[in-house]
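Engineer: Quick one: sequence and predicted model below, then my questions.
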Amino acid sequence: MHEDEARLNIKKPDMEPRATDHIPGMHAMIQTLIDKGYAYAPGNGDVYYRVGKFMGYGKLSRKKIEDLRIGARIEVDESKQDPLDFVLWKAAKPGEPSWESPWGAGRPGWHIECSVMSTCCLGETFDIHGGGSDLEFPHHENEIAQSEAATGKTYANAWMHCGMIRINGEKMSKSLNNFFTIRDVLDKYHPEVVRYLLVSSHYRSAINYSEDNLKDAKGALERFYHALKGLPSVAPAGGEAFVERFTQVMNDDFGTPEACAVLFEMVREINRLRESDLNAAAGLAARMKELASVLGVLQLEADDFLQAGAEGRVDAAEVEALIAARLAARARKDWAESDRIRDQLTAMGVVLEDGKGGTTWRLAD
């Protein structure tokens, strides 16, 4: 196990767990809650959690039980003692999928599945619990109540609720026919582009997925990789002030947008150093890659990213040969030939970028 994974109490099961694999564990946790007085079985095949008994209920969502009871009601066919009580095990109706249990055939409640799988795979207490902002209440609140009542321990040390994904300003939804999978995106964009798009927004903010935003993310990464291109491979050096600021913003509620801004400042300094001290520029570039690894970006060789997708579209060797021929034409001041080669490369979908470190190329969007 990686050191960071051990510290964060992360375990990797051999196979991805399924909720149905944990039915016996759900039965055990429910019975523990009944034995401790936190749950009750009214005799109709259902089992309910007794919300009023858990003194910490509402601590995550900052809701008060008294306020929640206002307007709450009990359905006619329910046997709840309190309208806030939630189901741990639900008796099966005719034709529904069901599993046998000590309380009769039925199915687990939504919340109990997550508590049992989490404690099974991560332990009774783990460091970080994540999820969408829409899950904070009641789902995560109920997870805490049932897990901590059963184990007597803190369920999760930190909660990170992320914003929703929006498509061109609208909520992503199958009903709106604007639903996509990550595989769809990766057919068009390099994984680092998607990763950068995600970390360039704060995790609690809504992320707006659009072609324009993905192109912006791609352009930002190209700027980073151009700064890295052509520099000698050296150990990280310098940039202590950047490291301090990067660490500070990341420790402030995982401030990834501000961390990206620090990386951009490093790019400007790297480009400035190129003109006076190539080794210093290389050391700072290595430092930037070291910081960027925290965000999962800038982990490729510059050419590998800048020319990603070239295979099948252009012959890289042919492109390099044409660039060499163009440089030779420029050296002998044959501007007509230089322009002709550039036009040929443009027609091939290749964008040239001339700089003091030489000529680099990438594919046009």
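Structural biologist: Perfect, I can see it now.
Engineer: how about the helices in the stretch 151-300 of the chain?
Structural biologist: 182-186, 191-199, 211-228, 240-251, 256-274, 278-295 (DSSP state H, counting those that start in this stretch).
Engineer: now those in CSV, with mean pLDDT and mean neighbour count?
Structural biologist: C-betas here are computed from N, CA, C, even on glycine. Compiled in CSV, the helices of the stretch 151-300 of the chain are given as follows (pLDDT from 0 to 100; neighbours: other CB atoms under 10 Å):
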stretch, mean pLDDT, mean neighbour count
helix 182-186, 83, 11
helix 191-199, 94, 20
helix 211-228, 92, 18
helix 240-251, 98, 15
helix 256-274, 96, 18
helix 278-295, 97, 20
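Engineer: Among the ones you listed, which comes closest to residue 54?
Structural biologist: helix 240-251 (31.8 Å; CB to CB).
Engineer: my read: residue 65 touches residue 51, true?
Structural biologist: Yes: between residue 65 and residue 51 there is a contact under CB atoms under 8 Å: 6.9 Å.
Engineer: returning to what we had before: which one of the helices of the stretch 151-300 of the chain lies nearest to residue 165?
Structural biologist: Smallest distance to residue 165 across those (CB to CB): 9.5 Å, for helix 191-199.
Engineer: by contact count, what packs against the closest one?
Structural biologist: helix 182-186, strand 207-209, helix 211-228, helix 256-274, helix 278-295 (3 or more CB pairs under 8 Å, 6 or more residues apart in numbering; DSSP states H and E).
Engineer: Throw the helices of the stretch 151-300 of the chain into JSON lines and include distance to residue 45, thanks.
Structural biologist: Formatted as JSON lines, those follow (distance: least, CB to CB, whole Å):
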{"stretch": "helix 182-186", "distance to residue 45": "40"}
{"stretch": "helix 191-199", "distance to residue 45": "44"}
{"stretch": "helix 211-228", "distance to residue 45": "50"}
{"stretch": "helix 240-251", "distance to residue 45": "49"}
{"stretch": "helix 256-274", "distance to residue 45": "47"}
{"stretch": "helix 278-295", "distance to residue 45": "49"}
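Engineer: Would you tell me which of those helices gets closest to residue 93?
Structural biologist: Nearest to residue 93 among the helices of the stretch 151-300 of the chain is helix 182-186; the distance by CB to CB comes to 35.8 Å.
Engineer: and residue 147, what does it touch?
Structural biologist: Neighbour list for residue 147: 115, 118, 119, 124, 155 [criterion: CB atoms under 8 Å, 6 or more residues apart in numbering].
Engineer: Equivalent analysis for residue 176, please.
Structural biologist: The contact partners of residue 176, taken as CB under 8 Å, 6+ apart, are 167, 170.
Engineer: That one and residue 88: what is the separation?
Structural biologist: In this view, residue 176 and residue 88 are 34 Å apart by CB to CB, to the nearest Å.
Engineer: And residue 260, by the same measure?
Structural biologist: Per CB to CB, residue 260 is found 43 Å from residue 88.
Engineer: Give me the residue ranges of the protein where confidence is low.
Structural biologist: Applying pLDDT under 70 to the chain flags the ranges 1-20, 74-77, 173-174, 309-312, 356-357, 365.
Engineer: which ones are touching the spatially most central residue of it?
Structural biologist: Nearest to the geometric centre of the chain sits residue 198, at 6.7 Å (CA atoms, centre = their mean). Residue 198 makes contact with residue 207, according to CB under 8 Å, 6+ apart.
Engineer: Check residue 85 too.
Structural biologist: Contacts for residue 85 (CB under 8 Å, 6+ apart) come out as 48, 49, 50, 51, 52.
Engineer: at 7 Å what do you get?
Structural biologist: By CB atoms under 7 Å, 6 or more residues apart in numbering, residue 85 lies in contact with 48, 49, 50, 51.
Engineer: how about those in JSON lines, adding distance to residue 145 and neighbour count?
Structural biologist: What follows is the contacts of residue 85, written out as JSON lines (distance: CB to CB, whole Å; neighbours: other CB atoms under 10 Å):
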{"residue": "48", "distance to residue 145": "12", "neighbour count": "24"}
{"residue": "49", "distance to residue 145": "7", "neighbour count": "28"}
{"residue": "50", "distance to residue 145": "9", "neighbour count": "21"}
{"residue": "51", "distance to residue 145": "7", "neighbour count": "24"}
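Engineer: So which of the residues you listed are in helices?
Structural biologist: Among these, no member falls in helices (DSSP state H).
Engineer: okay, among those, which ones form the most distant pair?
Structural biologist: Pairwise distances across these (CB to CB) peak at 8.9 Å, for the pair 48 and 51.
Engineer: Which neighbours do those two have in common?
Structural biologist: 85, 86.
Engineer: So what touches the helix or strand containing residue 107?
Structural biologist: Using DSSP states H and E, residue 107 falls within strand 106-108. Defining contact as CB under 7 Å, 6+ apart, one finds that strand 106-108 is touched by 26, 45, 89, 90, 91, 92, 97, 98, 99.
Engineer: of all the residues you listed, which comes closest to residue 221?
Structural biologist: residue 26 (44.3 Å).
Engineer: continuing past the host helix or strand of the closest one, what's the next helix or strand?
Structural biologist: Element membership for residue 26 (DSSP H and E) is helix 23-35. For helix 23-35, the following helix or strand on the C-terminal side (DSSP H and E) is strand 39-40.
Engineer: now the closest residue to residue 47 other than its chain neighbours: how far from residue 28?
Structural biologist: Distances taken as CB to CB, 6 or more residues apart in numbering place residue 89 nearest to residue 47, at 4.0 Å, with adjacent residues excluded. Here the criterion is CB to CB. By it, residue 89 lies 12 Å from residue 28.
Engineer: Ok, residue 168 next?
Structural biologist: Separation of residue 168 from residue 28 (CB to CB) stands at 47 Å.
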